[in-house]
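Asker: Quick one, what's the 3D model for this:
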Amino acid sequence: MYYFYVLRNAERHSEFYTGYSHNLKERVAQHNNGEQAATRGRKWELVYYEAYLSERVAREREHKIKNNGRMRTLLMDRIKSQFQSD
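Answerer: A predicted model of the protein is given here:
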């Protein structure tokens, strides 16, 4: 299984990070342990993921979200609506 995921900064709730991985639990731990340069020094919580059978499809989804402003906005609005009291 491969995953497209969204992390939210546990302290600054307006900061998000998107990625893909074949081992979601391990990948989130890597982000929180400072093993990834882009997220180092901050604590992250998993707020959204999608599961795929194909690595290619998971990568494509990540690429589309990162590079298509409208798609990213729609997804982020959907995720942020879960945290309206934050």
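Asker: who's in contact with the strand or helix carrying Leu74?
Answerer: Per DSSP states H and E: Leu74 is located in helix 69-80. With contact meaning CB atoms under 8 Å, 6 or more residues apart in numbering, helix 69-80 is reached by Val6, Arg8, Phe16, Val47, Tyr48, Lys64, Ile65, Lys66. Any C-beta I mention is one placed from the backbone N, CA and C, and that applies to glycine too.
Asker: any idea how far the third one is from Glu50?
Answerer: From Phe16 over to Glu50 the distance is 15 Å, taken as CB to CB, to the nearest Å.
Asker: among the helices and strands of this protein, which has the poorest mean pLDDT?
Answerer: helix 69-80 (a mean of 93; mean pLDDT, DSSP states H and E).
Asker: Need the CA coordinates for it. CSV is fine.
Answerer: Taking C-alpha atoms only, helix 69-80 is exported to CSV below (Å, rounded to 0.1, in the frame of the first residue of the first chain):
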residue,chain,number,x,y,z
GLY,A,69,-3.4,25.6,-6.7
ARG,A,70,-7.1,24.9,-7.1
MET,A,71,-6.8,21.2,-6.1
ARG,A,72,-4.6,22.1,-3.2
THR,A,73,-7.1,24.8,-2.0
LEU,A,74,-10.0,22.5,-2.2
LEU,A,75,-8.3,19.8,-0.2
MET,A,76,-6.9,22.2,2.4
ASP,A,77,-10.3,23.8,2.8
ARG,A,78,-11.8,20.3,3.4
ILE,A,79,-9.1,19.5,5.9
LYS,A,80,-9.2,22.8,7.7
